[in-house]
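*Asks:* Dropping a prediction and its sequence here:
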Amino acid sequence: MLIAGNWKMFKGPAEAARFSGVLHTMLAGTKGVDVVVAPPFVSLPAAAAELRESAIRVYAQNVHWEPEGAFTGEVAAPMLVEAGAAGAIVGHSERRQYFGETDETTARRGHAALEAGLGVIACVGETLEEREAGETEAVLRRQVEAIAAAVPEPPAALDVAYEPVWAIGTGRTATPEIAQEAHALVRSLYPVGRILYGGSVKPENAEELLAQPDVDGALVGGASLDADSFAAICLTAARLSRS
Ligand code: PGA
């Protein structure tokens, strides 16, 4: 199991260091779950320094496909490595929705990060409009196939996150059945190691989601900003993976 906390645009360097220290203590010695936190770019070195002695890994929230160049506002994979990151999220729905991220740029970013030795969490998921129009399967197929075209043989460092856009930050979680159905579809399209569920995952609903056969972890937004909530989700995953 993998539990990843996406901090989005929260926690500057000082708070990232403090919070990482708390998580380190709370999760020390926890077995059966891989834990990732994804702070904003500027907070990566602070979080990485604080977690150096910990099994918790630090991911960026995005990464560019070129190793360097004239790409104002972007950050390259080798720079993330230097900053202490072990991986990057790519194609998050907020990137797709607000910053013009496409299936193609998502795939290029993911491919470059893997080439640089980083882990990757590649996000897919349908909007409410698409679900209501009966397009969920076609959308997931299109998004997953773009990643598969760039990375035909998924390495262990690549995870996919299924995040229905209508469940992100809305408090509206997919039912375990909806999540399972989407995860099984993704798995049938692409032999990726782990498929995480994301979208309003909380300590209260983590167990039923993580208990689904094709749900191998969670990408947690809001609830990852609170140490008690995030640790509770990590401990639930650890317990389930042992049982
Ligand atoms: P949420 O966000 O848990 O706040 O819904 C999930 C995500 O965007 O990764």
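*Replies:* Thanks, I have it. Numbering: from 1, shown residues only.
*Asks:* Taking the chain centroid, which residue in this protein is the extreme one?
*Replies:* residue 70 (27.2 Å; CA atoms, centre = their mean).
*Asks:* check contacts around that residue.
*Replies:* Listed by CB atoms under 8 Å, 6 or more residues apart in numbering, the contact set of residue 70 is empty. Placement of C-beta: from N, CA and C, glycine included.
*Asks:* Quick check: it vs residue 186, distance?
*Replies:* For residue 70, the distance to residue 186 equals 35 Å [CB to CB, to the nearest Å].
*Asks:* Just give the nearest non-adjacent residue to the residue of the chain found nearest the ligand, would you?
*Replies:* The ligand sits closest to residue 221 of the chain, with a gap of 2.2 Å, by CB to the nearest ligand atom. Of all residues not flanking residue 221 in the chain, residue 6 sits nearest, at 5.1 Å (CB to CB, 6 or more residues apart in numbering).
*Asks:* so how far is residue 60 from that neighbour?
*Replies:* The gap separating residue 6 from residue 60 is 11 Å, by CB to CB.
*Asks:* cool, residue 175 as well?
*Replies:* Plainly put, residue 175 is 31 Å away from residue 60 if you go by CB to CB.
*Asks:* and the closest residue to residue 53 other than its chain neighbours, what element?
*Replies:* Leaving aside its chain neighbours, residue 53 sits nearest to residue 24 (7.5 Å; criterion: CB to CB, 6+ apart). Element membership for residue 24 (DSSP states H and E) is helix 13-27.
*Asks:* contacting residues around that helix?
*Replies:* Here helix 13-27 makes contact (CB under 8 Å, 6+ apart) with 7, 11, 35, 37, 39-40, 42-43, 45-47, 49-51, 53-56, 227, 230-231, 234-235.
*Asks:* What subset of those is buried?
*Replies:* The neighbour count (16 or more other CB atoms under 10 Å) marks 7, 11, 35, 37, 39-40, 43, 45-47, 50-51, 54, 56, 227, 230-231, 234-235 as buried among the contacts of helix 13-27.
*Asks:* Of those, which belong to helices?
*Replies:* 45-47, 50, 227, 230-231, 234-235 (DSSP state H).
*Asks:* Spell out which parts of this structure neighbour the ligand.
*Replies:* Within the chain, the residues that sit near the ligand (CB under 6 Å from any ligand atom) are 6, 163, 168-169, 198-201, 219-223.
*Asks:* what's the most distant pair in those?
*Replies:* Among the residues of the chain next to the ligand, the pair separated by the greatest distance (CB to CB) is 163 and 223, at 13.8 Å.
*Asks:* The two: who's more crowded?
*Replies:* Neighbours per residue (other CB atoms under 10 Å) separate residue 163 from residue 223, with residue 163 holding more: 28 against 20.
*Asks:* and the more buried one, what does it touch?
*Replies:* Listed by CB under 8 Å, 6+ apart, the contact set of residue 163 reads 92-93, 123-125, 197-199, 219.
*Asks:* quick one: residue 125 from residue 44, how far?
*Replies:* According to CB to CB, residue 125 stands 25 Å off from residue 44.
*Asks:* More neighbours: which of the two?
*Replies:* residue 125 (28 against 25).
*Asks:* hang on, the more buried one packs against residue 164?
*Replies:* Yes: Residue 125 lies in contact with residue 164 (CB atoms under 8 Å); the separation is 4.9 Å.
*Asks:* Find the residues that touch each one of these two.
*Replies:* Residues touching both residue 125 and residue 164 (CB under 8 Å, 6+ apart) are residue 199.
*Asks:* Tell me which residues of stretch 19-29 come out buried.
*Replies:* Residues of stretch 19-29 classed as buried: 19-20, 23-24, 27 (neighbour count, 16+ other CB under 10 Å).
*Asks:* pull the helix or strand with minimum mean pLDDT from this structure.
*Replies:* Confidence across the helices and strands of the chain bottoms out at helix 128-132, with a mean of 94, counting by mean pLDDT, DSSP states H and E.
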